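**Student:** I need the structure of the sequence given here:
(4 chains)
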Protein chains: 2
Amino acid sequence: MTNDVFRALAEPHRREMLQLLRGTERSAGEIASFFDITRPAVSQHLRVLAEAGLVVVRQEGTRRLYRARPEGLLGVRAFLAEFWDQRLRRLKQAAEEEEYGASNRER
Amino acid sequence: MTNDVFRALAEPHRREMLQLLRGTERSAGEIASFFDITRPAVSQHLRVLAEAGLVVVRQEGTRRLYRARPEGLLGVRAFLAEFWDQRLRRLKQAAEEEEYGASNRER
DNA sequence: CACTTACGTAAGTATATGCTAACATATCGA
DNA sequence: TCGATATGTTAGCATATACTTACGTAAGTG
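**Tutor:** The predicted structure is shown next:
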């Protein structure tokens, strides 16, 4: 649900993780190395992000590779668009149609 | 800070309140009437929204009139834009320049 | 002035959250 | 199969959050 997305984004560490994973695939350990918190804490954050549909995981050997899933933010985007006027709403529509076209189903 | 904004948006009631106040001015009591929680609880939510820069208040007689402040969401918007590609980043820029031009200072 | 109306604030409480340390699991190389 | 590497899971704890009830305050009204 979109609520999980907002909740997930409320935590600064998780937002940083998302940015770290934008367009790149990184292992859990690599991600952890960017933060001062323990690895388990990072693991828990990654779980929250995954449950919110903001990241996807792929297992490769003993490692788990995470990657951001931008489509997970569409709900937030829609919410935001409400607060701008018609002109912006048109931009939003154009963006959704053009950018991450029909292939992306909201989770 | 933008962090307060994300935090504020994490709460469903607060998101509803924002939508309720989008483009309209409503009194605290009127807002409260839309929810099942007590009026003080609503008051506390409104405070969080105000501190995040997402609403503004205006006193009129004995009442306090709240109104959404869409510019408060610009930080979130910027964050989101990072996750779409160049084309979208251009749209974002255009929107920010055109829509809520120079008159709106980020709080 | 009381008295009412419209709100915010304070105190207290139950639950959610973020973190750590300790433990479990799974894959790969020797 | 044994050990090392990479990561998730559990239990426990401190702090943050969302509420409620009780109380404080300020602007109209009689």
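**Student:** immediately after the helix or strand where residue A:6 lies, which helix or strand?
**Tutor:** Here residue A:6, judged by DSSP states H and E, is contained in helix A:2-9. As assigned by DSSP H and E, the chain's next helix or strand after helix A:2-9 is helix A:12-20.
**Student:** So is the following helix or strand past that following helix next to DNA strand D?
**Tutor:** Once helix A:12-20 ends, the next helix or strand along the chain (criterion: DSSP H and E) is strand A:25-27. Yes. For strand A:25-27, a contact with DNA strand D is found by C-beta under 7 Å from any atom of the strand, at residue A:27. Any C-beta I mention is one placed from the backbone N, CA and C, and that applies to glycine too.
**Student:** Please name the strands paired to strand A:25-27 in the sheet, noting orientation.
**Tutor:** According to DSSP bridges, strand A:25-27 has the following sheet partners: strand A:63-68 (antiparallel).
**Student:** Give the burial count for the residue of chain A found nearest DNA strand D, as a bare number.
**Tutor:** Ranking the residues of chain A by distance to DNA strand D (C-beta to the nearest atom of the strand) places residue A:29 first, at 2.3 Å. Applying other C-beta atoms under 10 Å in any protein chain shown, we find 12 residues neighbouring residue A:29.
**Student:** which residues sit in contact with it?
**Tutor:** With contact taken as C-beta atoms under 8 Å, 6 or more residues apart in numbering or on different chains, residue A:29 is in contact with A:39, A:63.
**Student:** same thing but 10 Å
**Tutor:** A:39, A:42, A:43, A:63, A:64 (C-beta atoms under 10 Å, 6 or more residues apart in numbering or on different chains).
**Student:** likewise residue A:65?
**Tutor:** Residue A:65 sits in contact with A:21, A:24, A:25, A:26, A:27, A:28, A:30, A:31, A:56, A:57, A:58, A:59, where contact means C-beta under 10 Å, 6+ apart.
**Student:** just checking, residue A:52 touches residue A:15?
**Tutor:** No. Judged on C-beta atoms under 10 Å, residue A:52 makes no contact with residue A:15 at a distance of 11.9 Å.
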